[in-house]
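S.K.: predicted model, plus sequence, below.
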Number of protein chains: 2
Amino acid sequence: MLVAGVITEYNPLHNGHLYQLDQIRRTLSPDILIAVMSGDFMQRGEPSIVSKWDRTQMALCAGVDLVLELPYIFAVGRADIFARGAVSVLNQIGATHLVFGSEAGRMEPFMETIQLIEQNRDSYRTELMNALKQGISYPNAHAAAYRRLAERSPSTSLVDLTQPNNSLGYQYISAIRHCGSRMVPVTIRRKEAGHSDPDFSEGGRIASATSIRTHLLNEKSWDTTADKIPPFTYSILKSNSAQNTLVDWETFFPFLKYRLISSTSEQLAEIYEAEEGIENRLLSCIGGSDHFRDFISAVKTKRYTWSRLQRLCVHILTHTRKIEAKDQAASGEAAYLRLLGMNLKGQHYLNMKRKELQIPLISKIRQHRLPVLDLDLKVAGVYDFLSGRSPSHRTESSHPPVRYDENKGLFLNAEP
Amino acid sequence: MLVAGVITEYNPLHNGHLYQLDQIRRTLSPDILIAVMSGDFMQRGEPSIVSKWDRTQMALCAGVDLVLELPYIFAVGRADIFARGAVSVLNQIGATHLVFGSEAGRMEPFMETIQLIEQNRDSYRTELMNALKQGISYPNAHAAAYRRLAERSPSTSLVDLTQPNNSLGYQYISAIRHCGSRMVPVTIRRKEAGHSDPDFSEGGRIASATSIRTHLLNEKSWDTTADKIPPFTYSILKSNSAQNTLVDWETFFPFLKYRLISSTSEQLAEIYEAEEGIENRLLSCIGGSDHFRDFISAVKTKRYTWSRLQRLCVHILTHTRKIEAKDQAASGEAAYLRLLGMNLKGQHYLNMKRKELQIPLISKIRQHRLPVLDLDLKVAGVYDFLSGRSPSHRTESSHPPVRYDENKGLFLNAEP
């Protein structure tokens, strides 16, 4: 049985994602297609434009059979932590193949690169430490260390890790090896637009999720966006727009600012990923900032990437403290599987698989008492409230998984 | 030299306050008139309708010579804590008389009452404890204990402590005795409307501050309000209304709700005045509440007064923890004098008095490094930001005291 897994944010799901799913079906003909998807906050430290429930609907409409949530601590984590968490979820649910998009588009360069780094682990580490000591950011230090290694290597087909999707792919493969899984990594060449390419070429059918969000939130240009996304994404985004629930960081910024103003630096230092006194920079810059973008620009130094600062701000907003995050992040493995949605085929697979699972599968929150879930529930509560989705009518803990009949093209429990 | 002190909120300053100041001038002819005034949050746990700086302007226009801030921990404290803090400020600044409005209007009943309670301290305490054990609120337990004592007393001219201003006056006198001050308490009969009487009699010139706030915020009836307040109050309120900076709890409620949603009950239990597991009630009621009033109604039990719950919510909003509040509250004495405003006469008095002061007088925040001030600065920062007063152009720590030339009727450093 071929069980294909993808690691996604679908923020929002666009034509590039459709293309990837098509390619998977054509090249692998999987029996089942599973997505592990971030919840309400993204890896680069941003709130998702619409809720995870809406994005789950998009995934099911696009032909994904089963959608599982990547727990918050991995979803809003550094690339290696993100990758390990996501791979652990796919491994637990029985994925035989992990498919990812990359600029390289072939596995050989990845394998050569992995081999090169593993064979030179010590000198790689030394280079990394030297680069970090110069006060540059973690991803840039990695890139510099790798470049030094590559320069000395006879191999001519190494992967270019400065490309964002190659880099993420490398983390996925490392994570598979790290957890000793037998999952087979498979890569598909990404089509056109880069991951966060802000250009929005008028003619093309494929644009990055970032550029789509920017267009919708800032320019409200629905007509040009309609070409880049499938009709179901369009309709879900439109409906959120009508209810004023399309969000970005600016929507949440007053609450971040309030949180910072009412905190001391000692309290901020307790927040997950607040390191090296960065909390003092945050406190000294917040008073003069009226917008999130200005705020991050004011705080930014070469030691911190934009994404790292944004992730820290998400942890501050959700009040995620080291004490409740570190163990989970360090373990590198999800402690539970949270079911967000499934179609009939996905449900069938789940029924078959349920007894073999080594960690709890959570479909109804009320039935479970896992302390480790509290963080995800709190985060969802904050997102729902701040995005204007009143939690009074349907709270995160009472929300059932989305069910979809792929034969009839019907949701079996649409939101009220 | 006769130095008269008053304890005020001026939220906002209205004709009843003008009447009181007139009475003080006519009956005492003080050389100087000093007000100790709450900052941005009130004793009954509400944000002030306009900032303390605006209310300081009102006080100076009304003829007060010197305005000092009652530190937050006393200003938003139970009546006895409020009274002790305020009396300590007046005592430090050299007030010879403390003047307060009361329903009784004469000192004799207060003195008889004080004597009765002091002579029966033990049985009063027993009655109080018994009443508290029955699960009724602190003020009601006090009232019940006092009623039992009064019933057995031969005196026929005891003060009626169920009247709110009598009750506060009683606390002032107790505080004077407690700190061993020689300040002379003087009472003036309050004219018409009770302290929080919601009626707004169309004909009268005097209405309660509560009814004035309600009218302005809910009914926007400026014409009927104009009769009840002096022209300078009217103009300051109007200008705030134009800038959308008239506030009440509903303005701040989304931020309280966000704070609660992102807190665990353990974190809430660290908040000052969170006792007896009330934090769990707050957490269980917040999800379904869209308005502050509904929220407090949902949480309310007979053990807690409305004011106590509101004060707790202020402490949650300002993130005031037991660890930073308890010592100051328990000491019952302000650790510093914070100058909010003065006229020329007030300035002269201050210059004369400055050397005798036993605690720091703070006029410019930047010149001082008092850790105990941090709480007041944080609270002011929260209020300024949430009420839409951008702290970027003039922060609390750079705001100079308001200076007023009473001869020319001019502010010497009006806000930009």
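M.R.: Perfect, I can see it now. Numbering: from 1, shown residues only, chains lettered A, B, ... in the order given.

S.K.: poorly predicted segments of the stretch 101-250 of chain A, please.
M.R.: A:192-203 (pLDDT under 70).

S.K.: show me the strands in chain A, by range?
M.R.: Assigned by DSSP state E, the strands in chain A fall at A:3-8, A:32-38, A:66-70, A:97-102, A:184-189, A:337-343, A:361-362, A:402-405, A:410-411.

S.K.: tell me what the last one is packed against?
M.R.: Contact analysis of strand A:410-411 by 3 or more Cβ pairs under 8 Å, 6 or more residues apart in numbering or on different chains; DSSP states H and E lists strand A:402-405 as its packing neighbours. (C-beta placed from N, C-alpha, C; glycine too.)

S.K.: quick one: the strand it packs on to chain centroid distance?
M.R.: In terms of Cα atoms, centre = their mean, to the nearest Å, the centre of strand A:402-405 is found 23 Å from the chain centre.

S.K.: likewise stretch A:267-278?
M.R.: That offset, for stretch A:267-278, works out to 22 Å (Cα atoms, centre = their mean).

S.K.: what about it, average pLDDT?
M.R.: Mean pLDDT, computed over stretch A:267-278, is 93.

S.K.: what residues of it count as buried?
M.R.: A:Q267, A:L268, A:A269, A:I271, A:Y272, A:E273, A:A274, A:I278 (16 or more other Cβ atoms under 10 Å in any protein chain shown).

S.K.: next up, the contacts around the second one.
M.R.: The neighbourhood of A:L268, defined by Cβ atoms under 8 Å, 6 or more residues apart in numbering or on different chains, consists of A:L260, A:A274, A:E279, A:L282, A:L283, A:I316.

S.K.: with the first one instead?
M.R.: A:Q267 makes contacts with B:H319, as judged by Cβ under 8 Å, 6+ apart.

S.K.: related to what we said a few turns ago, can I get the strands of chain A in a markdown table with mean neighbour count?
M.R.: Formatted as a markdown table, these follow (neighbours: other Cβ atoms under 10 Å in any protein chain shown):
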| stretch | mean neighbour count |
| --- | --- |
| strand A:3-8 | 25 |
| strand A:32-38 | 27 |
| strand A:66-70 | 28 |
| strand A:97-102 | 23 |
| strand A:184-189 | 18 |
| strand A:337-343 | 25 |
| strand A:361-362 | 17 |
| strand A:402-405 | 20 |
| strand A:410-411 | 13 |
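
S.K.: ok, which of these comes nearest A:L370?
M.R.: Closest of the strands of chain A to A:L370 is strand A:361-362, at 7.4 Å (criterion: Cβ to Cβ).

S.K.: pLDDT of the closest one, averaged?
M.R.: 93.

S.K.: relative to that strand, what are the paired strands and their orientations?
M.R.: Its sheet considered, strand A:361-362 pairs with strand A:337-343 (parallel) by DSSP bridges.

S.K.: gap between the strand it pairs with and the chain center?
M.R.: 16 Å.

S.K.: likewise for stretch A:8-18?
M.R.: A distance of 11 Å separates the centroid of the chain from that of stretch A:8-18, by Cα atoms, centre = their mean.

S.K.: okay, and the beta partners of the nearest residue to A:L60 once chain neighbours are set aside?
M.R.: Leaving aside its sequence neighbours, A:L60 sits nearest to A:Y404 (Cβ to Cβ, 6 or more residues apart in numbering or on different chains; 4.0 Å). Following DSSP bridges, A:Y404 is listed with bridge partners A:N343, A:F411.

S.K.: how much space between A:Y404 and A:I24?
M.R.: For A:Y404, the distance to A:I24 (Cβ to Cβ, to the nearest Å) stands at 18 Å.

S.K.: next: A:S208.
M.R.: From A:S208 to A:I24 the distance is 20 Å (Cβ to Cβ).

S.K.: A:V6 pairs with what?
M.R.: Beta-bridge partners for A:V6, by DSSP bridges, are A:A35.

S.K.: from the stretch 151-300 of chain A, which residue is nearest to chain B?
M.R.: Sorted by distance to chain B under Cβ to the nearest Cβ, the residues of the stretch 151-300 of chain A start with A:S262, at 4.4 Å.

S.K.: who's in contact with that residue?
M.R.: Counted by Cβ under 8 Å, 6+ apart, A:S262 has contacts B:L317, B:T318, B:H319, B:K378, B:G381, B:V382.

S.K.: spatially, which residue comes closest to the fifth one, not counting chain neighbours?
M.R.: In this case it means B:G381. A:I261 (4.8 Å).

S.K.: equivalent analysis for the third one, please.
M.R.: Residue nearest to B:H319 in three dimensions, not counting chain neighbours: A:S262, with 4.4 Å by Cβ to Cβ, 6+ apart.

S.K.: got the phi and psi for that neighbour?
M.R.: Dihedral pair for A:S262: phi -90, psi 10, per degrees, to the nearest 10.

S.K.: what's the burial count for A:K257?
M.R.: By other Cβ atoms under 10 Å in any protein chain shown, the residues close to A:K257 number 20.

S.K.: relative to B:L386, how far out is the residue lying closest to it once chain neighbours are set aside?
M.R.: In space, and not counting its chain neighbours, A:K257 is closest to A:I286: 5.8 Å by Cβ to Cβ, 6+ apart. Counting by Cβ to Cβ, the gap from A:I286 to B:L386 is 14 Å.

S.K.: looking at the strands of chain A, which is closest to B:K52?
M.R.: That would be strand A:32-38 among the strands of chain A, by Cβ to Cβ, at 44.5 Å.

S.K.: who's in contact with that closest one?
M.R.: Contacts for strand A:32-38 (Cβ under 8 Å, 6+ apart): A:1-11, A:21, A:24-25, A:48, A:52, A:55-56, A:59, A:63-70, A:75-76, A:86, A:89-90, A:93, A:95, A:340, A:345-346, A:349.

S.K.: local confidence estimate at A:P400?
M.R.: Per-residue pLDDT puts A:P400 at 89.

S.K.: touching, the residue nearest to A:K257 and A:L260? I think so.
M.R.: Yes - contact criterion Cβ atoms under 8 Å: A:I286 and A:L260 qualify, at 4.4 Å.

S.K.: check the offset of stretch A:16-36 from the chain's centre.
M.R.: 18 Å.

S.K.: ok, stretch A:34-42 next?
M.R.: The answer for stretch A:34-42 is 5 Å, by Cα atoms, centre = their mean.

S.K.: what's the span of it from first residue to last?
M.R.: 19 Å (Cα to Cα, to the nearest Å).

S.K.: name the nearest residue to A:S289, ignoring sequence neighbours.
M.R.: A:F295 (3.7 Å).

S.K.: pull the contacting residues for that neighbour.
M.R.: Applying Cβ under 8 Å, 6+ apart to A:F295 gives the contacts A:F253, A:K257, A:C285, A:I286, A:S289.

S.K.: got it, and A:A62?
M.R.: Contact analysis of A:A62 by Cβ under 8 Å, 6+ apart lists A:L13, A:H17, A:L18, A:L21, A:P230, A:F232.
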